[in-house]
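**Q** dropping the sequence and predicted coords here.
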Amino acid sequence: MRVTGINMYSSTLSEALSFSLSDVDTRDPYLIRGIQGLDAMDLVPKFYTFSQLTQSKYYEFSMKAREIVMRVALNPNFRVDDSFSDLRDDLYRAISAQRTGEIALHFMSGPAVVAKITGLITKFEASYFTKLPEAQLTITCADPIFRGLNPVHMDNTNFPASPVLIPDSISTAPHGFEIQVTFTTATSAFQMRDVSTTNIANMEWEFSVTPSPAFAIGDKLYLSSDFGGRDLYVTRSGGAVTHLMDKVSLTSVWPLLFPGQNTIYWPQISYFTVDFLNYYPAYWGV
């Protein structure tokens, strides 16, 4: 992706520091001298199940916590009485601008945000008594995946029938999604799979949840399949919430979206309406 600048915020987006990567203005207070940690490193394939049809092994590729290292030259405007210390102090304040300590990096292409990531400043190294003082920031991101700023939103008008087609021409990494459906007909299960067949031997994968009691008219089922944030519960028509992680079948494979066109079959699609399906585009690197 094309990146022309980086904005650094506290998690509340209340304060920002801007770093230009192209069309650098020599009056900018901070000048990027180098940045590392924006690529895909140390990918770890983790086996989690077999294909039901071919018995091929399925892997999730995970990454260790990402460390982004930024070398920043300090460029004070002496005409307005700025100093190297003033600029250095502004960077120090970013270490813990609020209680969580999190900062967000927004990667810009012109005025548009093309990706974001959050983390903690875990190292601050400054050079003193040099002609061109610099600061080096190390930002540790527990979630190493870059994501889009805003979710892609789909609703029931996108899902008139099964199979369901979910395009993602933006992402470079697989990712999960969140979905909520409202049941219009009572049914004993909610399922997703890769093919229309009901013969489990002919499926690559299936996700199935069977609650007790069964889904009733007006029940709302919420599912999130994103890495590190999987969740599944039903809000009954009377308002009671029941978590269903223990009702997922042992052979289930959590549904994921991959870059390109995704096809998913929902056997019970005539039994519910889709309130929403959201996902954030995901990127291995920028």
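**A** Thanks, I have the structure now.

**Q** how about low-confidence regions in the chain?
**A** In the predicted model, the chain carries pLDDT under 70 at residues 11-15, 24-25, 48-49, 51-53, 197-201.

**Q** longest strand in it, by residue count?
**A** strand 112-126 (DSSP state E).

**Q** next one: that strand to chain centre, how far?
**A** 15 Å (CA atoms, centre = their mean, to the nearest Å).

**Q** could you pull out the buried residues of it?
**A** 114-121 (16 or more other CB atoms under 10 Å). (Each C-beta comes from the backbone N, C-alpha and C, glycine too.)

**Q** mind putting those into TSV with distance to Pro45?
**A** Shown next, in TSV, are those (distance: CB to CB, whole Å):
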residue	distance to Pro45
Val114	27
Ala115	24
Lys116	26
Ile117	22
Thr118	25
Gly119	24
Leu120	27
Ile121	30
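
**Q** looking at it, Asp155 is touching Phe276, isn't it?
**A** Yes. Applying CB atoms under 8 Å, one finds Asp155 in contact with Phe276, separated by 5.5 Å.

**Q** who has more neighbours out of those two?
**A** Using other CB atoms under 10 Å as the criterion, Asp155 and Phe276 rank with Phe276 on top: 15 against 12.

**Q** contacts for the helix or strand containing Ile264?
**A** Per DSSP states H and E, Ile264 falls inside strand 260-264. Residues outside strand 260-264 that contact it (CB atoms under 8 Å, 6 or more residues apart in numbering) are 163-169, 192-194, 255.

**Q** among those residues, which ones are in strands?
**A** 164-168, 192-193.

**Q** quick revisit: of the contacts of strand 260-264, just the buried ones, PyMOL syntax please.
**A** Here is the PyMOL command that selects the buried residues among the contacts of strand 260-264 (16+ other CB under 10 Å):
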select buried, resi 163+164+166+168+192+193+194+255
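
**Q** let's have the contacts of strand 260-264 in a markdown table, adding distance to Phe78.
**A** Shown next, in a markdown table, are these (distance: CB to CB, whole Å):
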| residue | distance to Phe78 |
| --- | --- |
| Pro163 | 65 |
| Val164 | 61 |
| Leu165 | 59 |
| Ile166 | 55 |
| Pro167 | 53 |
| Asp168 | 49 |
| Ser169 | 48 |
| Met192 | 62 |
| Arg193 | 66 |
| Asp194 | 64 |
| Pro255 | 58 |
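
**Q** show the contacting residues for Thr172.
**A** Neighbours of Thr172 in contact, by CB under 8 Å, 6+ apart: 259, 282-285.

**Q** can you flag which of those belong to strands?
**A** 282-283.

**Q** closest to Arg88 out of the contacts of Thr172?
**A** Gly285 (29.2 Å; CB to CB).

**Q** the contacts of strand 260-264: which two are farthest apart?
**A** Ser169 and Arg193, at 23.6 Å, using CB to CB across the contacts of strand 260-264.

**Q** count of neighbours near the closest residue to Ala189 other than its chain neighbours?
**A** Distance criterion CB to CB, 6 or more residues apart in numbering; nearest residue to Ala189, sequence neighbours excluded, is Thr210 at 4.6 Å. Neighbourhood size, Thr210 [other CB under 10 Å]: 15.

**Q** next one: Thr210 from Phe190, what distance?
**A** 8 Å (CB to CB, to the nearest Å).

**Q** same thing with Ala115?
**A** For Ala115 relative to Phe190 (CB to CB), the value is 33 Å.

**Q** do Ser162 as well
**A** Distance, Ser162 to Phe190, using CB to CB: 13 Å.

**Q** in terms of neighbours, single out the busier of the two.
**A** Phe190 (26 against 16).

**Q** let me know whether that one touches Ile269 as I believe.
**A** No. Using CB under 8 Å, Phe190 makes no contact with Ile269, being 10.3 Å away.

**Q** contacts for the helix or strand Phe276 falls within?
**A** For Phe276, the host element (DSSP H and E) is strand 272-279. Residues from elsewhere that reach strand 272-279, judged by CB under 8 Å, 6+ apart: 151-156, 158-159, 166, 168, 175-185, 190, 220-221, 226, 257.
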